[in-house]
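Undergrad: Just the structure for this:
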Amino acid sequence: MSDKLQSMDLNQLFDRDGAIYMGARRDPQGCRIGLFGVPYDGTTSFRPGTRFGPAAVREVSNGLETYCPQLQTDLEDLAYVDLGAVDIPFGAPEPVVKAVQKATSTVLDLGLKPLMLGGEHSISSGAVAAVAQRHPQLVLLQLDAHADLRDSWLGARHSHACAMRRCLDVLPSGQLLQLAIRSGTREEFQELEQSQRRINHQPDQSGSLLAATMRSALEPHRGKPLYLTMDLDWFDPAIMPGTGTPEPGGFHWHHFAALIDVLREHQLAGADVVELAPQLDPSGISSVLASKVTRSLLMLLNN
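TA: This next block holds a predicted model:
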């Protein structure tokens, strides 16, 4: 793809104005990771505002250090591009999911690993579909408070409450692991138990038991490409109040850090961070947490 054609295609798919994630480039040449945002919350059923999430993650990122002592990695040593926001239609979710799939496919065509910032969780199936087309053995790992296994919700099959059901529709391997889901319908929990997709664990003091549980669950999939979908309501509302459907009983940063050590043992093919509604947290701490999660995933995707 020529530089001129590449620039033209990117400008048609992405709105490239606005804030940029710290240290990111605007030119994908020589990069390994392509970060992009999807400012959509059209199916939100409780508290809207996740359309402001991608911009908030970028805006607060400069308040973080570029160096991560846990991963012993500095963003200044990585090559990643911030492509901007996917140009999405207003309204129904189906055209948005198609636009996300096309944008993700373009990121992959550029030889980049995709990292998507949401927006609500309904957008994830578009990204998963694109990555799974390149990696038929793709394993999907969900960190989330909610099962998201409804077939439809409030008349929409692409609702945020149906995110994992739609991902299963486009996942050839059928391999979905759902970590520590703590909210859903009776039918969803029955399916979680029968399918054995749920990695059942409660928050522990250090995070070591949680990490051991996930390590064991991922061991049979060692060597396979992994996609991580990170719904920020997996965290406890005490540290992540800025999300549309908060659910008490969640996890803290040290739990996530423990999982990062497990994920280092695997190859991430793509990831997303969704459901930040920054205006619901005037302190801005939720946005900082989401931005730090993004920093960790950039470093993992660089492996």
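
Undergrad: Please verify my assumption that residue 42 contacts residue 88.
TA: No - with contact taken as Cβ atoms under 8 Å, residue 42 and residue 88 are classed as non-touching, separated by 9.1 Å. All C-beta spots, glycine's among them, are computed from the backbone N, C-alpha and C.

Undergrad: okay, and the common contacts of those two?
TA: Overlap between the neighbourhoods of residue 42 and residue 88 consists of residue 96, taking contacts as Cβ atoms under 8 Å, 6 or more residues apart in numbering.

Undergrad: can you count the residues close to residue 265?
TA: Number of residues near residue 265 (other Cβ atoms under 10 Å) recorded here: 11.

Undergrad: Tell me how far it lies from residue 140.
TA: For residue 265, the distance to residue 140 equals 17 Å [Cβ to Cβ, to the nearest Å].

Undergrad: For residue 135, which residues are in contact?
TA: Taking Cβ under 8 Å, 6+ apart as the definition of contact, the neighbours of residue 135 are 225, 269.

Undergrad: if you set the cut-off to 10 Å instead, what comes out?
TA: Contacts for residue 135 (Cβ atoms under 10 Å, 6 or more residues apart in numbering) come out as 108, 172-173, 224-227, 267, 269-270.

Undergrad: Could you pick out the buried ones from those residues?
TA: Among the contacts of residue 135, those buried by neighbour count (16 or more other Cβ atoms under 10 Å) are 108, 224-227, 269-270.

Undergrad: Spatially, which two of these are the most separated?
TA: Between any two of the buried ones among the contacts of residue 135, the greatest separation by Cβ to Cβ is 17.1 Å, found for 108 and 224.

Undergrad: who does the host helix or strand of residue 117 pair up with?
TA: Per DSSP states H and E: residue 117 is located in strand 113-118. With DSSP bridges as the test, strand 113-118 is paired with strand 33-38 (parallel), strand 267-274 (parallel).

Undergrad: which parts of stretch 197-211 are buried?
TA: Within stretch 197-211, the residues scored as buried using 16+ other Cβ under 10 Å are 197-199, 201, 203-204, 207, 210-211.

Undergrad: which of those lies closest to residue 301?
TA: For residue 301, the nearest member of these is residue 211. The distance, counting by Cβ to Cβ, is 19.6 Å.
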